[in-house]
Every structure is written in structure tokens, then in C-alpha cells.
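*Asks:* Here's my sequence, what's the structure:
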Amino acid sequence: MIHLICIGLEGTAEKTGVGIVDSEGNIMALQGRALLPEKGGIHPREAAEHHAENLVPLIKKSLEEAHLGVEDLDMVAFARGPGLGPALRTVATAARSLALSLNVPIVGVNHCIGHIEIGRLTTGCKDPLTLYVSGGNTQVTAFDSGRYQIFGETLDIAIGNCLDQFARTVGLGHPGGPRVEELALASDNYLKLPYTVKGMDLSFSGLLTAAIRKYESGAALEDVCYSLQETAFAMLVEVTERALAHSEKSEVLLVGGVAANQRLREMLEVMTREHYADFFMPEMKYCGDNGAMNAWLGLLMQQHGMKQDIADTHVIQRYRTDQVDIPWMEKSALKLELPGDLVAKGAEANIYQDQYLDEEVLVKKRLVKGYRIREIDEYLRKKRTKNEAKLMGEAKRCGVVTPLIFDVDLKESTLTMENINGKEVKEIFSGENIELSEIISISRSIGEGVARLHDCGIIHGDLTTSNLMLSENKESVVFIDFGLGKISHLVEDKGVDLLVFKKAINGIHHKISQECFDSIIKGYEGARDYKHIVAKIEEIEGRGRYT
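*Replies:* Numbering: from 1, shown residues only. Now for the predicted structure:
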């Protein structure tokens, strides 16, 4: 393999970064400078001006650090997006000018994938489930079917944006994350705030508004910071946990600027340990936006034939992680190992076999989560156990097949239920010998079941192929795990319910995802407000994830 040296330029938001990496993965230089506004947030034009002022000095410093001359550079890489438009365009122009002046190749890369790849390079993890948290992005991704698939993401603002907006509103300045973390350490008084998890997606806007109102109503700032941080991070870790249980990856990687928060790192370490997985995080200098990540990703793309002409290097302000082919990756054969006494281990609960009145039953026990504070943990376990039992009964009355509930123990957060003879739909769809016609038939039946739920105002809340079973006689699709469910007749909630399902299918069954979801929607046609709900799915998908 030819030895190459690549310079990477970064400027998707307020940080100007330059890095130099060689094709063996040696990081030869890392330079950066962040824009720190005196008041308010980051303005795109100010960020662009900051990049224009700092790129050339940082390139010179990087060359000095690497003991190289500009003529030693073999290629240029830069982030095409996602990011702030003016900032992206300024850095792209600089990258093109440098590549043209040196007469070397140029590669525009995806910023989010750059974070993942520098994480893999510097930690040694192979095929992780990645939680990427920053000012502009919040997403859970994992490699499958040739791309990094998005298992979950924010449906409104990113976690970093949430913390920054809160800090600005209460007078803590920018960036807000470090100040919120500092004040949170001075309190252990939890104030109840909205906890919004929708399958493997989540929402922070309601949490932000509620936290600001708590402060404005007279609550101590330290208490609000503590409560905001504990709630937001518990949500983040929970959606990562759900994706981990669904994908069965054996590694978890944390990247992005919000990874600087010690409490978030602690919570993720506890969660991965509880699921017998390994936790990885790069050194902090590689977690935030930096040029080295773009240089390394550019080298990977160049070495695997993903070459670009200058004309191909336009910026993409909303550049999705799952739009990019990843030919250098292979899916690991390693999967989570479960202790022998477990029938199954979900994100929330362990499932055990038992006897109840001479019946073979399953006992679902919602476990104490070591990463959540007691107040949040007890509330969620009790609420979700009660909710699940209630909604499973309601679903039956709507003509949807669910397991019979024999006993509910709210004190222990356990449900004793019918042992369904059959297979998880996830296992069936992942089988090697299944015919596409069978997948389409099962998917259509699933869509019919979801339509019945929605017509009764039941939102499942966590529709995945892990939470559906096909009965042994293959006559019935059985819906399970209603813990995140609720009663709602809102078109928005029904649309989100189906979008969560679509992402879950795409993440783990990518090769058949289109046929599968199309068939689910076909089965769903009988639902009231069908056209409005399908349009709502497309609307939610189209909402920007970079703010």
C-alpha cells in the first residue's frame, strides 16, 4: 500500500480544526481554535469568519508540529457536512484552494462518520454501537449492510444545543455543558422533569422548556442543573441501551463534544457493564470536532476507491450518516453473551421461565438501572410495569394478540405472563432461508395490527422486530413490550410510532427494509387518518437534525 499523508480541515460549527494523519493511522498533528462568543450562541456568519481568520495559521502550525513542508502533503480532506452552511462553505473553499495549489487529490467527508472512525482508530474497537453527542448532533449508530445505520436520534434539538440554550437563558454563558456539569456536582436534590424516550429516538425540547421554567419559578440553579443533567443523560443512555439490546453489538463507543461530561461517561460505563459489553471512548482531544478525524476518514475513502473530483466537493448541510457507503468495514461476528438462566435480556428487563398455577409462564422483571438515580429509576420501573399491563389488556380488546397477564407486582416491577410459543420476528427476518414473500406477508399482518392499536388510541412506543412474535402455528403476530406505550389519538404520535419502527427495521434488517416497511404501510391502510399519518412520517423524517 502506498504511504500517504493527508491534511484534514474541520469547520462544521464554531471550532476551526486542522489535523495531519498518515495512511498507517499515525496522527502527526492536531491543531484547533474555538470561537467563544461574548454573549448568545454561535452565529453561522461569525463562525465562517472565524474559520477564514484561523485556517491558514492553523495549517502552518500543523505542518510545524508534524515536521513537514506543504510539499509533503499527498491529499486534502474536509467535512462536507452536516453543519452550518456559511461555515461549511468557507472551509470547503479553503480545502479546494489548497488541493489545487498542491495538485493533490481532495476528499469531502461526512463529519459524523469522521467522529466514529477516529474513535475506532484511537481506541481499537472494531464494530461498535456508537453514541455521538455534540452541540449539533445526537444519534445512535451501528454498522450493518455496508453503512452506518441510524438506530435512534433526537427528534428536535441535540443534547449539546439543549445544554447550551439552558445555560444562555439562565446566564451561565457559552459553552453551557461544562457550567451545567459544574453546578450539578453541587446538588443531589432531584426535581421532576419530562423524560421523553420514543423507542430508540428521544426529544429534548420539552425537557429544556421545563428546566427553564423550574429555574424561573424559584428553584435553585444547582438543583435544576443536576436534574436536567440526570434526566437528559439517562435518556441518552437508555436509547443506547435499547439499540444495544436490538443490535446485539458487543462494543459501545462514545464520541462528540458532550463526551467531555464525566457523569455521562460514568453512566455509559455502568450500562455497558450491565449488558456484558465493552465501553470505549477516545481521548478528549479526539472527541470534539478536529481535523485529524477528517484526514483519517479521507484516507480510508481514498484507499477504498471513493475518490472525488473538485466538482464533487460541494457541501451538504444536512448530510446523513446513513447516506455514505463504508467499504472498509466488516460486521463483527461477536455478539452479546447472556447468562444461562435468562430466556432473554431486553433493554429494560430480564425474562425468566417460571410456573404459575401449574402453567408454564414467563416472568418479566424490570431491573434497577445502576446508571439512573433512584428517583428516576423507581418512577420509570413502576410506571412502565403498570402501563404495560394496562395497554396489553386494552390491545386485546382492540383485536390485537398479546400475552395474557397473570400477575402484576408493582413493588418488584414484575409481570407474570403467558409463555407464547413462537419466534421473534427479528429472528425470522434475519434467517437465511426465509422467502421475501413470507416477509411481505408477515409485515402486512404487522401493519394491520398497528392500525388496530392506533385506531384505539394505543401508541406502542417501541415498535421493533424484537417486540413482535409470530405464533408457532404462524397464524398470529403477537405484540409484546408496551412499557413505553401511551394512550393518544394525535397524528404526530402515531407518525412517530411508525417512524421509530422504520428506523429499527432499517438498522437491523437493512437488506429487506424497504419491502418490509412498504408492506407494513400496506397493511396499515385500513387505519383511520391513514393518509395524514403517512404524510406525518415523511414530515418528521424531513425535519432538520442539525441546529
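*Asks:* Kindly list the main-chain dihedrals of Arg45?
*Replies:* Torsion angles at Arg45 (phi, psi; degrees, to the nearest 10) stand at phi -70, psi -40.
*Asks:* tell me the contacts of it?
*Replies:* By Cβ atoms under 8 Å, 6 or more residues apart in numbering, the contact list for Arg45 reads Pro86. Placement of C-beta: from N, CA and C, glycine included.
*Asks:* From Leu84, how far off is it?
*Replies:* Per Cβ to Cβ, to the nearest Å, Arg45 is found 9 Å from Leu84.
*Asks:* buried ones in stretch 63-77?
*Replies:* Going by neighbour count (16 or more other Cβ atoms under 10 Å), the buried part of stretch 63-77 is 63, 66, 68, 73-77.
*Asks:* oh, I was asking about stretch 102-119
*Replies:* Under 16+ other Cβ under 10 Å, the buried positions of stretch 102-119 are 102, 104-119.
*Asks:* Ok, stretch 376-390 next?
*Replies:* Buried, per 16+ other Cβ under 10 Å, within stretch 376-390: 376-377, 380-381, 384-385, 387-390.
*Asks:* Between those residues, which sits nearest Glu432?
*Replies:* Glu388 (33.0 Å; Cβ to Cβ).
*Asks:* Please look at the closest one and Gly483 and confirm they touch.
*Replies:* Yes. Counting by Cβ atoms under 8 Å, Glu388 does reach Gly483; the two are 4.7 Å apart.
*Asks:* got a markdown table for the buried residues of stretch 376-390, with distance to Arg213, secondary structure and pLDDT too?
*Replies:* Listed next are the buried residues of stretch 376-390 as a markdown table, based on distance: Cβ to Cβ, whole Å; DSSP: H, G, I helix; E, B strand; the rest coil; pLDDT from 0 to 100:
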| residue | distance to Arg213 | secondary structure | pLDDT |
| --- | --- | --- | --- |
| Ile376 | 19 | helix | 98 |
| Asp377 | 24 | helix | 97 |
| Leu380 | 22 | helix | 96 |
| Arg381 | 26 | helix | 96 |
| Arg384 | 25 | helix | 96 |
| Thr385 | 29 | helix | 96 |
| Asn387 | 26 | helix | 93 |
| Glu388 | 30 | helix | 95 |
| Ala389 | 33 | helix | 95 |
| Lys390 | 30 | helix | 96 |
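*Asks:* per-residue confidence for the nearest residue to Glu360 once chain neighbours are set aside?
*Replies:* Residue nearest to Glu360 in three dimensions, not counting chain neighbours: Asn419, with 5.0 Å by Cβ to Cβ, 6 or more residues apart in numbering. Asn419 is assigned 92 on the pLDDT scale.
*Asks:* show me what contacts Asn419?
*Replies:* 353, 359-362, 403.
*Asks:* same thing but at 7 Å, please
*Replies:* 360-362 (Cβ atoms under 7 Å, 6 or more residues apart in numbering).
*Asks:* buried subset of those?
*Replies:* By 16+ other Cβ under 10 Å, these give 361-362 as buried.
*Asks:* ok, the contacts of Asn419 vs Ser441, which is closest?
*Replies:* Leu362 (26.7 Å).
*Asks:* Specify the beta-bridge partners of that closest one.
*Replies:* Judged by DSSP bridges, the bridge partners of Leu362 are Gln353, Met417.
*Asks:* got a pLDDT number for it?
*Replies:* Leu362 is given a pLDDT of 93.
*Asks:* Leu453 versus that one, what's the distance?
*Replies:* 22 Å.
*Asks:* cool, Tyr226 as well?
*Replies:* Tyr226 is 37 Å from Leu453, by Cβ to Cβ.
*Asks:* Same question for Glu418.
*Replies:* 19 Å.
*Asks:* Of those two, which one has the most company?
*Replies:* Leu453 (25 against 16; other Cβ atoms under 10 Å).
*Asks:* Which element, helix or strand, includes the most centrally placed residue in the chain?
*Replies:* With distances taken as Cα atoms, centre = their mean, Val140 lies nearest the centre of the chain, 2.0 Å away. Counting by DSSP states H and E, the element that carries Val140 is strand 138-144.
*Asks:* For the helix or strand that that strand is followed by, name the packing helices and strands.
*Replies:* Next helix or strand after strand 138-144 toward the C-terminus (DSSP H and E): strand 147-153. Counting by 3 or more Cβ pairs under 7 Å, 6 or more residues apart in numbering; DSSP states H and E, the packing neighbours recorded for strand 147-153 are strand 138-144, strand 201-202, helix 221-247, helix 491-508.
*Asks:* Pick the most deeply packed of these.
*Replies:* strand 138-144 (a mean of 26; mean count of other Cβ atoms under 10 Å).
*Asks:* Can you give the contact residues for that one?
*Replies:* 112, 116, 127, 129-132, 148-154, 158-159, 200, 239-240, 243, 247, 249, 321, 326, 329, 331, 507-508, 510.
*Asks:* Run the angle between it and helix 491-508 for me.
*Replies:* Relative orientation of strand 138-144 and helix 491-508, computed by axes from the mean of the first three to the mean of the last three Cα atoms, to 10 degrees: 40 degrees.
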